[in-house]
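**Student:** need a 3D model of the sequence below.
(2 chains)
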Amino acid sequence: MELDAYLLSRIQFAANISFHILFPTITIALGWVLLFFKLRYARTSDVAWMRAYFFWVKAFALSFALGVVSGVTMSFQFGTNWPGYMERVGNIAGPLLAYEVLTAFFLEAVFLGIMLFGFRRVSNRTHTLATFLVAFGTTMSAVWILALNSWMQTPAGFEMRDGVAHATSWWEVVFNPSFPYRLIHMLLASGLTVAFLIAGLSALRWLIGDRSEAMWKALRTGIGAAAILIPIQVFVGDQHGLNTLEHQPAKVAAMEANWETRGNVPLVLFAWPDEEARENHFEIAIPNGASLILRHSLDGEVPGLNDYIAEDGTVLHPPVAPVFWGFRIMVGTGVLMLLISWAGVWFVFRRGVLPKPLALLLVPMALSGWVATLAGWYTTEIGRQPWLVTGVLTTKEALGPVPAGHVGFTLAVYLILYALLLIAYLATLVFLAGKAAKEGDDTPVPGVEDKPLTQPVAGE
Amino acid sequence: MTIDWPTLLPLVFAGLMGLAILIYVILDGFDLGIGILFAAATDDEKDAMIAGIGPFWDANETWLVLAVGLLLVAFPIAHGTILTALYLPVFALLFGLILRGVAFDFRAKVPPHRKRRWNASFFAGSLIASLAQGYMLGVYVLGLDTGWAAVAFGALVALCLAASYAAMGAAWLIYKSEGELQEKAVRWLRYALVFTALGMAAVSLATPFASPRIFDKWFVLPQFFWLLPLPVVSGALFLGLFLLTFRLPAPGDRHALTPFLILAAIFALGFAGLAYSFYPFVVPDSMTIWEAAAAPESLGIILVGTAFVLPVIIGYSFYAYRVFGGKAGELRYD
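**Tutor:** Coordinates of the predicted model:
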């Protein structure tokens, strides 16, 4: 494969969007967790909830900043590298993006200021409202962007006039066939990412010697949320898969590395898919497994990749290996999440202890949500290829005229910048956790440190 | 010109986009400017300066997303043409915005010995982003030309826009700070103002001479007399502001916000002049707003949302500015 402007632009877009999605995945759910902390504080007047809030609001601010700046980059990339995209489907993509900016970006950005720095300037009720509006804004943002992404996967509610897409029904555009599944799947992914991040960083604080009430409250919140969300995610993920089978069979064929359309298809656990030979090497499989999962019967017919070769030999299905492996990494991480969160519930809630081996397991699991989310997005986005918008526009057609040298240069700088920022981000989270662990319950009580505010404070 | 939706909608959206760009330039202008002024500030002053923009910068930058979003959604073809032509400066802008945006947060959270590094990043990012914007403006004014003259002119506008952002930052700081820092801000404003005036004069003169079409729009009677107030009022405001800097800070902190408001007015006037020059083109001299516009049904559905939501956004933005009005204290999360 040649490193031309096309491939470089794709790598650049993948790098940008991969880096970007890490942070919204955190902020979408973390906003609601912060609201939960605040509401618990309002209910119980237990300052430990506020301590948990103030620790996690810093993580939120940092994640939000990274999400914003990488998101701004995305909005320019459409024009700089993929002008064909907006030219062909701008009439559909435009309004969805516009509504995201109008109903979500401004809401979150403006009230973020009040949420982060306004605790002493507005009433507690207003501050809680600001926290709610930020959480609501981040979620709305996800709704619009997933509506657009789903439309690109399963377009509906439009017609082509002179080679340009025109909307015929906005309802069908937004509520296209894969949207509800993708949205819920992603919101749950965000919830799980945050649950494990909170559990993992709390476990890290525990390992350093922190036994503060705020640490326990956050730990329980994280483990509890994870244990509740993961079975729901398994169910929703299965439904999403069936939806994909109906609307994007080529993607499912690649996910299962199934070459021939037939019944009694095994569930391939491990294999090296070979697109040249059009077969799997080193295959380990469970007989009839894929048929059972996808068709709920042992001889159910599963689509095969060989159906997606045009008469002239053009390959119309996605590259198999990355989709196959992305899917397996996602599912494997999900299984780990299930085991560890349920074990966590058993020990932390039933027995009231955190065994050291469990704490040591939870720390690396802090990033498990990122792994699963990225693997899942790689599966679905690479699984859409060679299309940018299924059946409407191929990725190649959307490419702009920028020379490969320019794209290569900017790609290199982006990659270096993103790597450095990622290291700085993780190092800062660990540093903040260490600092909080050292302070433990000695951190000053919020709101009464130097001047009593109108805030309700425990014991007053 | 007929009055129907396909004619009106692109006009309305050009207006909205112009408004978003103007608000962006004024609002993000002051916080980018604060970043540029980091070069001349002590470590303690840096904390105070950050406190003056902390709650706002994020929302300020959102206006850029709205502006480029409107370009993207309302004029999809122009969006591609302009952004591919400006590929490298756009990259520099994004690089700068990323760097400063994250530096802003990192500097407050990292261990103390790492703070310097992020302060430097905040300065560098702000400067790069400002220069990139100025360069793009310069090149755009000359019709996205890529000759050496355009590059040189772009570089000149880049320096002047960075200076005018620094002026905005200093003016904002006069409003937000007190004592020694405020006096320093007054001096910064005075120096930056000279370059700002120079830059605006350069753009104003270059535009008509780069394009005969624009020349004919300005230098014909009677339009010339209708347009005369634009440069005259701008000049008067510049002079007034320059003289005001010798009387600031005033007793009782009167006029603390005046420099910022005057600068905002100057920006608005300059922007109005540019808009008049380029109308009806969205890509100078090659693509009008009607040629570049998206389909009417798409513009219509965005307009409905905008009509409802934009006033609300402006409303709660004002509320946020009021909550954090007055002198900036220490910025803290609780």
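**Student:** quick one: mean pLDDT over stretch B:225-243.
**Tutor:** For stretch B:225-243, the mean per-residue pLDDT is 88.
**Student:** oh, that last question was meant for stretch A:343-358, not what I typed.
**Tutor:** 89.
**Student:** equivalent analysis for stretch A:149-168, please.
**Tutor:** Mean predicted lDDT for stretch A:149-168 stands at 90.
**Student:** and for stretch A:205-225?
**Tutor:** 91.
**Student:** would that stretch count as contacting chain B?
**Tutor:** No. If you take C-beta under 8 Å from any C-beta of the partner chain as the test, stretch A:205-225 misses chain B, and the best it gets is 13.3 Å. Glycine gets a C-beta too; all of them are placed from N, C-alpha and C.
**Student:** and the contacts of that stretch?
**Tutor:** A:33, A:36-37, A:40, A:46, A:48-49, A:51-52, A:55-56, A:191, A:194-203, A:341, A:344-345, A:348-349, A:354, A:356, A:359-360, A:363, A:433-434, A:436-438, A:440-441 (C-beta atoms under 8 Å, 6 or more residues apart in numbering or on different chains).
**Student:** and those, which are buried?
**Tutor:** The neighbour-count criterion (16 or more other C-beta atoms under 10 Å in any protein chain shown) marks A:33, A:36-37, A:40, A:48-49, A:51-52, A:55-56, A:191, A:194-203, A:341, A:344-345, A:348, A:354, A:359, A:363, A:433, A:436-437, A:440 among these as buried.
**Student:** in helices, which of these fall?
**Tutor:** Using DSSP state H to define helices, the subset of the buried ones among the contacts of stretch A:205-225 located there is A:33, A:36-37, A:40, A:48-49, A:51-52, A:55-56, A:191, A:194-203, A:341, A:344, A:359, A:363, A:433, A:436-437.
**Student:** mind checking what secondary structure the residue nearest to A:L269 when sequence neighbours are not counted has?
**Tutor:** Closest residue in space to A:L269, ignoring its immediate chain neighbours: A:I284 at 4.9 Å, by C-beta to C-beta, 6 or more residues apart in numbering or on different chains. Using DSSP: H, G, I helix; E, B strand; the rest coil as the criterion, the local structure at A:I284 reads strand.
**Student:** can you check the pLDDT for A:I284?
**Tutor:** 87.
**Student:** show me the contacts for it.
**Tutor:** Counting by C-beta under 8 Å, 6+ apart, the residues that A:I284 touches are A:V268, A:L269, A:F270, A:A271.
**Student:** my guess is the second one meets A:A285, correct?
**Tutor:** By that I understand A:L269. Yes. Using C-beta atoms under 8 Å, A:L269 is in contact with A:A285, at 6.2 Å.
**Student:** who's in contact with whatever residue of the stretch 151-300 of chain A ends up closest to chain B?
**Tutor:** The stretch 151-300 of chain A approaches chain B most closely through A:H166 (5.4 Å), counting by C-beta to the nearest C-beta. Counting by C-beta under 8 Å, 6+ apart, A:H166 makes contact with A:N91, A:F158, A:E159, A:M160, B:A295, B:E297, B:S298.
**Student:** go with 10 Å
**Tutor:** A:H166 makes contact with A:V89, A:N91, A:I92, A:F158, A:E159, A:M160, B:A294, B:A295, B:P296, B:E297, B:S298, according to C-beta atoms under 10 Å, 6 or more residues apart in numbering or on different chains.
**Student:** could you give the mean pLDDT of the host helix or strand of B:L94?
**Tutor:** Assessed by DSSP states H and E, B:L94 sits inside helix B:87-109. Throughout helix B:87-109, pLDDT has a mean value of 89.
**Student:** which elements pack onto that helix?
**Tutor:** Applying 3 or more C-beta pairs under 10 Å, 6 or more residues apart in numbering or on different chains; DSSP states H and E, we find helix B:87-109 packed against helix A:47-81, helix A:404-439, helix B:5-37, helix B:43-53, helix B:57-74, helix B:76-85, helix B:115-141, helix B:148-176.
**Student:** now the ones you listed in a markdown table, with distance to B:V232?
**Tutor:** Listed next are the helices and strands packed on helix B:87-109 as a markdown table, based on distance: least, C-beta to C-beta, whole Å:
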| stretch | distance to B:V232 |
| --- | --- |
| helix A:47-81 | 37 |
| helix A:404-439 | 43 |
| helix B:5-37 | 20 |
| helix B:43-53 | 33 |
| helix B:57-74 | 29 |
| helix B:76-85 | 32 |
| helix B:115-141 | 21 |
| helix B:148-176 | 19 |
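**Student:** quick one, which of those gets closest to A:L336.
**Tutor:** helix A:404-439 (19.8 Å; C-beta to C-beta).
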